[in-house]
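Chemist: What shape does this take:
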Amino acid sequence: MFKNNNNKIDIGDRFVKTDDPKTVWIVAGTGSPTVSIPHYQVVREGYTSRMRTLSERVLLDTDFYRRVD
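Modeler: Here you go, the predicted model:
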């Protein structure tokens, strides 16, 4: 189900959803260290009150998100 992409995720990395390439999400922090799969908090560029927590698997799966410069 998930495509494995072995890139590392760092604070400040930028991603777009594959179905919404105009909205940029910026990695703002890490999630809870108590879960086995790393999670990251992302904020919408220009709207820092819009925050999501996403798993590393989802962020690195090119079917869902794509890294941008």
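Chemist: make it CA atoms for all contacts and neighbour counts henceforth
Modeler: Will do.
Chemist: Please name the nearest non-neighbouring residue to residue 43.
Modeler: Leaving aside its chain neighbours, residue 43 sits nearest to residue 51 (4.4 Å; criterion: CA to CA, 6 or more residues apart in numbering).
Chemist: how about the host helix or strand of that neighbour: buried residues?
Modeler: For residue 51, the host element (DSSP states H and E) is strand 47-55. Buried residues in strand 47-55, counted by 16 or more other CA atoms under 10 Å: 51, 53, 54.
Chemist: now stretch 9-16
Modeler: When neighbours are counted by 16+ other CA under 10 Å, the buried residues of stretch 9-16 are found to be 9, 14, 15, 16.
Chemist: Sketch out the low-pLDDT regions of the protein for me.
Modeler: Within the chain, the ranges that satisfy pLDDT under 70 run 1-6.
Chemist: for it, what spans make up the helices?
Modeler: Along the chain, the stretches classed as helices by DSSP state H are 56-60.
Chemist: Spatially nearest residue to the residue nearest to the spatial centre of it (excluding sequence neighbours)?
Modeler: The residue lying closest to the centre of the chain (CA atoms, centre = their mean) is residue 59, at 4.1 Å. What sits nearest to residue 59 in space, not counting adjacent residues and going by CA to CA, 6+ apart, is residue 65, at 5.5 Å.
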